[in-house]
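In: I'll drop the sequence and a predicted model, then ask my questions.
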Amino acid sequence: YCELCEHPFTFSPIYRDDMPERVPLHVILSGLIRRLASLIKTCCRGLAVALVWLVVLPSFTLWTWRFYFWSGENIGFRVQAKPATESDTSSFWTTTTKTFLSDCLEGQMITAFVIVIFVAAYLFREWVMQNLPAVEQQQQQQQQQEQQQQPVQDIRDVNNQQLLQEQMAIDTLLNAMQVMNPPQAAREQGVERIGNPLDHLRDELEEDRWPTDDDDDDEEEEEEEEEEQMPPLIDQQRLNEAAIQRLLQNNNNNDILAAFERELLQNRQAENINNRQEEDEEPLDVGDDMNGVLEAIGLRGNPWMLVQNSVLMSLMISLCLGVAVWIPYVVGRLVIMIRPITFVETPIYLMRLITDPLVDFVLDLVMPFIWTQVKPLVPQQIQSALEGIQTPIQITNGTTEEGVSVIQERLEAMGTVALTRWHGFATGQTGLDRSICILVGYLVLISLGSWYLHGHRRHRRSSGRNNTETLSDMIRQQGIFLKVLFFILIELIVFPTVCGFLLDLATLPLFNGSIESRYGFHLKSPYSSYFLHWFLGTGVLFYFAIFITVCREIIRPGVMWFIRDPNDPQFHPVQEMVERPFPNLLHKISQSALIYSVMLVFGVGTVTYSLGYTGMVFPLRLPFNTPLSTLAIDLLMIQFLMPPLMRLIKPRDYSKKVLDLWWHMACRQLRLTSFMFNERKPDEEGRFVYRTWKAWLTRQVPQLPEDDVAIQEGDVIFQPDGMFLRVPKYDSVPVDPKRRMLVPVDPVSLEALDEQERGRLHPAAADTMDESQSTVVVYAPPRVQLIVFLLYMWFSISLLTCSVTVVPLLVGRGLFYYWLAPGSPVNDLYSFGLGIYVMVGIAILIHWIHDAYLTPNMMTYIKDKLTKLAKFCYLSVTLGMWIPFLLGVAVDLFVFMPIRSSNTDTGLVIHVSQNWSFGVAYMSIIHHVIH
């Protein structure tokens, strides 16, 4: 209807005059035929696309894969092929449907794996390149340092640049005056009043510039490039504030400043409007993306795109397999099959043709002849002494030769077996053999690339940039990618797996296991073993990282400077991997591995093996084939009892509070308050020396000296010890491995005690160049206190862990053994859960009783608690028993019993416990559906 007069409008379709009342049948049939033809065409095209991408391409990939390994086995050293039997020949030519489908599936897996690896490698390369800003800046700085060889020229360029910027600022002021539109007279006066000083100042700047050589074209080009690359002065930077202020102090021109502000505001508004328009013009169009995907696979567009893309994909896969698999396989196989001794045998054989006759002639003829001539001249006593010495030596040589021969035979046998297995990698056709060949090939190629870079590094500066330099850059870039990938794999896969194996060995008493049983499981299921240990090690590292984070929140910043904070925005692990040398990174990872190994083996292993030696707790009882009841009590407990318990306990908050209290108490006892919390305690800067037993028993506190001189009178004296250290003030400080981060300083002057450190900045102040911002002076007791602190922490954490895990387990076992399930094996998970609830309930009850005694009106408190208890019991019985039971019975009567009773002649049976448990599950489902 009309919005003004509210007149209703009517709309009716308009047809031509010769339009029939009904659609003709031939029109319907022709449209139906066209639709059917289009549908058949689409189905045929889809079938062709499916055949190409799911059958043809995987089959081609599989045969390419087989061809690469077949050709690799026949290059260099050809292995004698086994004679083909009739069954083998017949099975090769008569391919069944099962083998064809299995080949297609294998080809699809290889194709998908190659595509995923290719995309992942490309994304990894882009990610690494995006995380290398500092490396490029460092290279640019090095190039600038190489170009700047003359200091005088550098100073001249800097001064010229400053004067040039001031001159450009004056030009900007002159241009800004043109924006103003005052009256003609005022404008002429303003131009004369402001323009003349500006022109005069501009001429002075031109005269003050350093003279430069007019014939030096390179310097002029560099200056032009600097002028072109300089950003706009009005919009982005204020390069010449001093010159502008000097000018405006002499000429108070508010109009010029207003013109500047107007122009700046207009430019920014225009930029914001353009940015918003560009954002509005880029909507998220999923349809175009889908059309692009369908065109890429060949379902839409030109049918030749299917052929083109499939051929390109097959070539890409073949190229990737050839570069990543075939070349390393061939190189590794050739290296394995090469016998290095053959390169030495020929020269030795040729040399023996000359040396053997000479040596035999000397030993067989010359030496006996000389001895026969010299023997009569030697006294008889010397001859007897020589014979007496020669006889034991011959006996010893004979005995030694027998032992050496036995050892030699064993070593030769072991070497023969190892050499045979080593050459078996090249002749074998299993997955392990081919993987070893490929790995050896990669190692050889990486070694050749490293040797090539090392050989051409000296000629890099002298020679110009040519094809050799381009090849070196490409090899260096790929080496960086391999280096980063290698250390990422170590930190994400190898390191957690090793930690998992160490933790498994440290907790063998928990499950009554042994090294033989673990090794047998590893041989039986290697992939499952690796995955389980990797998962276990990852969990250990994750929770250890959480523990370190909680410790950082408790102590002062800078204590854990040696552990990098992953939440630090300045922490760039990829950049660190690229910049630091390979041995330094290996040394860092080996240190971390040593620390974690000691922590797992010593920290966890000693506790578990000690408890296992007592025989009271371990091994754990985990009979999963004997449930506690026919009801799913464990699942109901996990669903309804564990979440409220976790919300009530708040493990992280309570753990943090306990750790905070323990840390303050331990630091107070070990005189580490200043070092850990930067809170100076004068009584901690020394130790108490008790001269009498009475003073030691009564724990007398002496008078603290006001100066460094100790008071020698009294039963207790205070003897200062320790030292003051200048330490990092925050965790993300630059670390110099060649210098000390904890520098001893004088307590009065706060200067470093070491002469070499006294005249240098602290390594933590390398970025800020200010020690007061990056460092802090704290007191530290003797080093033995830190060792005692670490041992004390291990003992306290072990005791707390046993109190939280072992004590509830023993309580639950006792309750099940004496009251709940006597004589039947109970899973320790049930025992632990019951013990936790009992201990938490006792703790809550004690807390309530404690709060009740503190209230002024006891009866009011008891009445309130009894009322709440009655309400809780009523709601528990109603919502926990009756309603779930009635709901379960109703569902059983109206849904399940008719289905069961239709096939049997037995009577109706109602299972109370099962219906109650089902009712609880139904209520849980209804609750989650509603919320």
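Out: Looks like it came in fine.
In: so what touches stretch 596-616?
Out: 495, 499, 502-503, 505-510, 540-541, 544, 617-619, 794, 797-798, 801-802, 806, 810 (Cβ atoms under 8 Å, 6 or more residues apart in numbering). Yep, even glycine has a C-beta here, placed from its N, CA and C like the rest.
In: pull out the buried residues from those residues.
Out: Buried by 16 or more other Cβ atoms under 10 Å: 495, 499, 502-503, 506-510, 540-541, 617-618, 794, 798, 806, out of these.
In: out of the residues you listed, which are inside helices?
Out: 495, 499, 502-503, 506, 540-541, 794, 798, 806 (DSSP state H).
In: what's the closest of those residues to A385?
Out: L502 (61.9 Å; Cβ to Cβ).
In: which residues sit against stretch 542-559?
Out: By Cβ under 8 Å, 6+ apart, stretch 542-559 touches 560, 563, 565-567, 596, 599, 652, 655-656, 659-660, 663, 675-678, 727-731, 733, 764, 776.
In: emit the ChimeraX select command for whichever of those residues are buried.
Out: In ChimeraX syntax, the buried subset of the contacts of stretch 542-559 is picked out as below (16+ other Cβ under 10 Å):
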select :565,596,599,655,659,663,675,676,677,678,727,728,729,730,731,733,764,776
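In: any regions of the stretch 101-250 of the chain where pLDDT drops low?
Out: Where the stretch 101-250 of the chain drops to pLDDT under 70, the residues are 131-250.
In: swap in 90 and give it another go.
Out: Applying pLDDT under 90 to the stretch 101-250 of the chain flags residues 101-108, 110-250.
In: could you do the stretch 501-650 of the chain as well?
Out: Ranges of the stretch 501-650 of the chain meeting pLDDT under 90: 506-528, 543-553, 555-650.
In: same question for the stretch 751-900 of the chain.
Out: 751-776, 779-900.
In: if you set the cut-off to 70 instead, what comes out?
Out: The stretch 751-900 of the chain contains residues with pLDDT under 70 at 852-859, 900.
In: can you check the stretch 301-450 of the chain too?
Out: Within the stretch 301-450 of the chain, the segments meeting pLDDT under 70 span 340-343, 383, 390, 394-399, 401-403.
In: repeat that with 50
Out: By pLDDT under 50, the stretch 301-450 of the chain contains no weakly predicted segment.
In: residues in contact with V777?
Out: 724-727, 745, 750.
In: pretty sure F724 belongs to a strand, no?
Out: Yes: remark: F724 belongs to a strand, assigned using DSSP: H, G, I helix; E, B strand; the rest coil.
In: give the contact list for it.
Out: 744-747, 750, 777-780.
In: any idea what it is bridged to?
Out: As for beta bridges, F724 partners with V745, Y779 under DSSP bridges.
In: how near is it to S749?
Out: 11 Å (Cβ to Cβ, to the nearest Å).
In: would you list every one of the strands in the protein?
Out: Ranges of strands in the chain, per DSSP state E, are 686-690, 716-720, 723-728, 743-745, 775-780.
In: W422 reaches I336, doesn't it?
Out: Yes: under the criterion of Cβ atoms under 8 Å, W422 makes contact with I336 at 6.4 Å.
In: same drill for those two, tell me which one is more crowded.
Out: I336 (19 against 14; other Cβ atoms under 10 Å).
In: for the strands of the chain, give me JSON lines that also has distance to I28.
Out: Compiled in JSON lines, the strands of the chain are given as follows (distance: least, Cβ to Cβ, whole Å):
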{"stretch": "strand 686-690", "distance to I28": "106"}
{"stretch": "strand 716-720", "distance to I28": "108"}
{"stretch": "strand 723-728", "distance to I28": "85"}
{"stretch": "strand 743-745", "distance to I28": "95"}
{"stretch": "strand 775-780", "distance to I28": "90"}
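In: between those strands, which one is closest to N302.
Out: Of the strands of the chain, nearest to N302 by Cβ to Cβ is strand 723-728, at 65.2 Å.
In: and the angle from the closest one to strand 775-780?
Out: Per axes from the mean of the first three to the mean of the last three Cα atoms, to 10 degrees, the angle that strand 723-728 makes with strand 775-780 is 150 degrees.
In: quick check: mean pLDDT across strand 723-728?
Out: When pLDDT is averaged over strand 723-728, the result is 88.
In: report the longest helix in the chain, please.
Out: Per DSSP H, the chain has its longest helix at helix 380-427.
In: how far is it from where the chain is centred?
Out: Distance of helix 380-427 from its chain centroid, counting by Cα atoms, centre = their mean, to the nearest Å, is 52 Å.
In: check stretch 662-673 too.
Out: That offset, for stretch 662-673, works out to 34 Å (Cα atoms, centre = their mean).
In: can I get the CA coordinates of that stretch in PDB?
Out: Written as PDB, here are the backbone C-alpha positions of stretch 662-673 (Å, rounded to 0.1, in the frame of the first residue of the first chain):
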ATOM      1  CA  TRP A 662      56.400 -22.500  51.200                       C
ATOM      2  CA  TRP A 663      58.700 -20.300  49.100                       C
ATOM      3  CA  HIS A 664      58.600 -17.500  51.600                       C
ATOM      4  CA  MET A 665      59.100 -19.800  54.500                       C
ATOM      5  CA  ALA A 666      62.000 -21.600  52.800                       C
ATOM      6  CA  CYS A 667      63.700 -18.400  51.700                       C
ATOM      7  CA  ARG A 668      63.300 -17.000  55.200                       C
ATOM      8  CA  GLN A 669      65.000 -20.100  56.700                       C
ATOM      9  CA  LEU A 670      67.800 -20.200  54.000                       C
ATOM     10  CA  ARG A 671      68.300 -16.400  53.900                       C
ATOM     11  CA  LEU A 672      67.200 -16.100  50.300                       C
ATOM     12  CA  THR A 673      64.500 -13.500  50.800                       C
END
